[in-house]
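Asker: Here is a sequence together with a model predicted from it:
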Amino acid sequence: MAAQPPEGLVNLLLYGAPGSGKGTQANVLRAYFRIPHIATGDMLRAEIAAGTELGLQAQPILAAGKYVSDEIMIGMIRNRLRQPDCDPGFIIDGFPRTVPQAAALDDLMRELGRAFDRVIYLKVPVEELLQRLSGRLVCPRCQRTYPPGTAACAIHGTPLVQREDDKPEAVRPRIEIYLEKTVPVLDHYRGEGLVSEIDGRGTIEEISRQVLAAANGKVKAQ
Ligand code: AMP
């Protein structure tokens with residue numbers, strides 16, 4: 001890892017299926033660039049935990065592995081990217097998941113006078129995703145994920161739980177909707193020469209090295 005991050009704004013999109021390791025790599029990018037990690041799934045889970053109206057609406061949708069409406073998600077990202085902590089840049093994870101969301105994000109970035117520097121795509125075969133998701137455990141405090149059999153979060157010591165949407169009945173629908181609605185969104189960014197595709201199998205350290213190289217613009221887009 002380079003000692004110093006580059007100067008100036010860094011706007012990144014982290015792409016990949018559920019279970020591809022986005023959350024883990026987002027933590028690496030956040031620590032390196034010192035910019036917020038904006039994960040729409042975490043934002044929705046916070047609404048559910050707080051029992052807000054949106055949370056009540058979203059809870060059964062997440063539990064079934066389906067997508068929350070474009071209208072709600074676009075409104076949520078619009079508000080979030082306007083917060084002052086986003087001034088130095090941001091890492092978006094989990095958005096856009098549909099073609100209309102990608103179009104809305106283009107408009108919003110233009111309004112904000114920003115552009116993405118890179119879209120980092122963590123690619124993992126479907127069979128491996130299904131295996132990873134159905135066993136993984138998560139820290140209810142920081143959302144870090146751990147392999148099956150782990151007792152507590154390495155950072156917080158909190159006992160780990162299984163996410164409701166990692167239960168077997170929700171795992172396959174999540175992958176299916178991702179393949180149908182979200183994979184096509186990548187073509188949108190490929191057309192702009194922004195996508196760095198990284199093999200999401202291997203050690204966390206090796207993948208992090210490639211992710212940071214891509215974010216620093218050292219990996220050519222495909
Ligand atoms: P994640 O933590 O990114 O896997 O997101 C968990 C769940 O939140 C997804 O399975 C969806 O139900 C919902 N969700 C998160 N982001 C979006 C989005 N951009 N569009 C629609 N639904 C979303």
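Answerer: Arrived safely. Because the structure is predicted, anything quoted here is derived from the model rather than measured.
Asker: give me the residue from this structure nearest the ligand.
Answerer: residue 41 (2.0 Å; C-beta to the nearest ligand atom). Bear in mind the C-beta positions are built from the backbone N, C-alpha and C, glycine included.
Asker: Alongside the ligand, which residues does the chain contribute?
Answerer: By the rule C-beta under 6 Å from any ligand atom, the part of the chain lying against the ligand is 18, 40-41, 44, 61-62, 65-68, 73, 94-95, 97, 101, 165, 174.
Asker: Just list whatever residues bridge to the residue nearest to the spatial centre of the chain.
Answerer: Most central in the chain under C-alpha atoms, centre = their mean is residue 93, positioned 2.5 Å from the mean C-alpha point. Applying DSSP bridges to residue 93 yields these beta-bridge partners: residue 14, residue 39.
Asker: Now do the contacts for it.
Answerer: For residue 93, the contact set (C-beta atoms under 8 Å, 6 or more residues apart in numbering) comprises 14, 22-23, 26, 37-41.
Asker: rerun at 7 Å
Answerer: The contact partners of residue 93, taken as C-beta atoms under 7 Å, 6 or more residues apart in numbering, are 14, 22, 26, 37-39.
Asker: so where's the protein uncertain?
Answerer: For the chain, applying pLDDT under 70 flags the ranges 1-8, 218-222.
Asker: what about the strands in this protein?
Answerer: For the chain, applying DSSP state E gives strands covering 10-16, 37-39, 89-93, 118-123, 137-138, 145-146, 195-199.
Asker: Please tell me how far the last one is from the chain's geometric centre.
Answerer: Okay, so that is strand 195-199. 14 Å (C-alpha atoms, centre = their mean, to the nearest Å).
Asker: Alright, I will stop here.
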